[in-house]
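Peer 1: what's the 3D shape of this:
(one chain, ligands or ions: 1)
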Amino acid sequence: MTVTVRFAPSPTGRLHIGNARAALINRLFATRAGGRFLLRFDDTDTERSSADYEQGIYEDLAWLGIHHDLTDHQSARIRRYEEAAAKLRESGRLYPCYETAEELERKRKRQHARGLPPVYDRAALLLSDAERAAFEAEGRRPHWRFKLDAIVVRFADIICGDTHIDAKSLSDPVLIREDGRFLYTLPSVVDDVDFAISHVIRGADHLTNTGVQIQIFEALGATPPLFAHYSLMQGPDGRPMSKRDGDLYSLEGLRSRGYEPMALNALLARLGTPDPVEPRLTIGELAAAFDLGKFGKSDIRFDPADIDKANAAFLHMLPYEAVVGRLGASGCDLGPLFWETVRPNLAKFGDVSLWAQVVNGPVTPVIGDAAMLIRAAELLPSEPWDGETWGVWAERVKAVSGLKGRSLFMPLRLALTGLDHGPELKNLLPLIGRERASARLRGETR
Ligand code: GLU
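Peer 2: Sure thing, here's the model as predicted:
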């Protein structure tokens, strides 16, 4: 079987981290299986969809490094959906309904009052031709519902296992609105058939849709694809994440706050599995270690601090060759030794400029015991300096000052870097060099 999966955003907003997870899981699954990834724009809602959002989705996916092999715009395929609808009408599975939203609301209230579930009563199926004609004459246009078989739909979900959806407890879904526009349900099925989608991998919020859509696949004479429903991410407050969270979880926001796309990918590839996050340089490497079978059924309480952890872990493993271009572009390419020295101290890549300044200056030293520091400057070994220099020098200063441990290192660090924390002095000192070190120990901004 050729594996073909799809990521199907509606271009009605920018992508957030939950969408990124959907896209990534599908991409990794396809790559791992040597299959294809379809980027499908669910843009039949012409009022809410926009070209700007579509552009934004392309940008967000490009930023993540998630490429697509095929593209589909539902708005360009209306004729196919009309054909499918005609087929369903012919077989009596799609029927016109004339209730207004208010009438439907009244029905629901009555059902509620009687303790009944809010399932559509199929009154429209009982309309006579004359009654329908009368509605049409009033100017009413029908919306169209799919007539569900009153059965329990069963399927073997790759993540959730044996799953059943009782169609008797569901309202016949509206496939076409009274203005003629298609809702999501039917176009999704038609596209899954036409693009030979082998696996529908999506959030558990679509489980009920799957029950309905399997019936539509069958009504159209098609074999349903395989399904995998992964559990959803919830915010720290237990609410599902959504566009409402704005920039907090939008990819645009995460990007502007300096997070690494591959750090996010590493996190999202493992979220919902028992496996630890393992940063990788490429999508291909993440795909090689990807296993859909590891995903669990329970909801995920997402802690935004995990993004910071993943980001730091990713930066800390990045080899110099992978960042040399970025270092150069930010004026911070001080060589491989510099990168390896400061890398463990980075939370965001942008922090590198702080350490470049600590090395190259200007640094305003923080001076405690000025006499001790001047004495320390005099004890600086002559160049060339290397990884041993710090040890030799610290021993000399210790012998002369009688200071040791933190009371020795902290005044030296404060004078040399102007900061009370940072990369190991052993590595930093040769980068700072004798001239600047000596000046700073004497209290000069250099
Ligand atoms: N546009 C739908 C959504 O974003 C796609 C769902 C699906 O994967 O079928 O929820």
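Peer 1: element containing D52, please.
Peer 2: In this assignment (DSSP states H and E), D52 forms part of helix 51-64.
Peer 1: pull up the pairing partners for the helix or strand just after that helix, direction included.
Peer 2: Heading C-terminal from helix 51-64, the first helix or strand you meet, by DSSP H and E, is strand 70-73. Here strand 70-73 has these sheet partners by DSSP bridges: strand 36-41 (parallel).
Peer 1: give the rounded mean pLDDT of the strand it pairs with.
Peer 2: For strand 36-41, mean pLDDT rounds to 98.
Peer 1: starting at the chain centroid, how far to that strand?
Peer 2: 16 Å (C-alpha atoms, centre = their mean, to the nearest Å).
Peer 1: what does it rub up against?
Peer 2: 2-11, 26-27, 30-31, 49, 54, 57, 61, 66-75, 191, 195, 197 (C-beta atoms under 8 Å, 6 or more residues apart in numbering). Every C-beta, even on glycine, is put in place using the N, C-alpha and C of the backbone.
Peer 1: that strand and the ligand, are they touching?
Peer 2: No - shown here: strand 36-41 not in contact with the ligand (C-beta under 6 Å from any ligand atom), separated by at least 7.8 Å.
Peer 1: what residues does the stretch 201-350 of the chain have near the ligand?
Peer 2: Residues of the stretch 201-350 of the chain lying near the ligand (C-beta under 6 Å from any ligand atom): 202, 206.
Peer 1: of the contacts of strand 36-41, just the buried ones, PyMOL syntax please.
Peer 2: Buried residues among those (16 or more other C-beta atoms under 10 Å), as a PyMOL selection:
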select buried, resi 3+4+5+6+7+8+9+10+11+26+27+30+31+49+54+57+61+66+68+72+73+74+191+195+197
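Peer 1: filter the contacts of strand 36-41 to keep only those in contact with the ligand.
Peer 2: 8-10.
Peer 1: of the residues you listed, closest to the ligand?
Peer 2: Closest approach to the ligand among these (C-beta to the nearest ligand atom): A8, at 3.8 Å.
Peer 1: got a list of what the closest one touches?
Peer 2: A8 touches 40-42, 188, 202, counting by C-beta under 8 Å, 6+ apart.
Peer 1: in three-state terms, label the residue in the stretch 101-250 of the chain that the ligand sits nearest to for me.
Peer 2: Residue of the stretch 101-250 of the chain nearest the ligand, by C-beta to the nearest ligand atom: R202 (3.7 Å). At R202 the chain is in strand, as set by DSSP: H, G, I helix; E, B strand; the rest coil.
Peer 1: show me what it bridges to in the sheet.
Peer 2: H229.
Peer 1: show residues contacting stretch 177-189.
Peer 2: 8, 10, 42, 44-46, 74, 77-78, 81, 84-85, 140-143, 146, 173-176, 209, 212-213, 216-217, 220, 222.
Peer 1: now the helices for the stretch 251-400 of the chain?
Peer 2: Shown for the stretch 251-400 of the chain, the helices assigned by DSSP state H, counting those that start in this stretch span residues 251-256, 261-270, 283-288, 305-317, 320-329, 336-342, 352-360, 370-378, 389-401.
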